[in-house]
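Colleague: sequence unknown, structure follows:
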């Protein structure tokens, strides 16, 4: 499982001109599910996102987690994160999970985030989405369960 995490002041996701998810201060998570992922990957990445200390404390040092600040998450499925561009000019998505597994694991990932008592909004799996966000920092990190 690969997640691109962005710390934000606010963010929203729109499908067919309707906002379906919106958060204030927190994180936007772009989530890619690999064909080889297991539920252990889901737990590792979701728990890491919820508890990663990337928010500033009183001394402006990154010492607070999303849980600490009671922030929100906007979770967006994005299979293209598993794209391989090492050969040719078109990405290969052979490493991405098939749609059935991808959707199942995406929803399990969101459920795992909610076990941390976080406000989680989401996009719509498989839909064309417009994501609007106001980066904070910017702080952008990549978390990959294959690096655990």
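Modeller: Looks like it arrived, so ask away. Predicted model only: the values in this text are computed from it and were never measured.
Colleague: So the residue lying farthest from the centre of the chain, which state does it fall into?
Modeller: Here the chain has its C-alpha centre computed as a mean, and the residue farthest from that point, by CA atoms, centre = their mean, is residue 88 with 27.9 Å. State at residue 88, reduced to three classes by DSSP: H, G, I helix; E, B strand; the rest coil: coil.
Colleague: Need the contact partners of stretch 113-120.
Modeller: Stretch 113-120 has contacts (CB atoms under 8 Å, 6 or more residues apart in numbering) with 23, 26, 46-47, 49-51, 66-67, 70-73, 75, 110. Where you see a C-beta, it was placed from the backbone N, CA and C, and this is true even at glycine.
Colleague: ok, 10 Å please
Modeller: Judged by CB atoms under 10 Å, 6 or more residues apart in numbering, the contacts made with stretch 113-120 from elsewhere in the structure are 21, 23-24, 26-27, 29, 42-43, 45-47, 49-51, 65-67, 70-75, 109-112, 122.
Colleague: Could you do stretch 52-64 as well?
Modeller: Taking CB under 10 Å, 6+ apart as the rule, stretch 52-64 contacts 5, 7, 25-27, 65-69, 71, 136-137, 139-141, 143.
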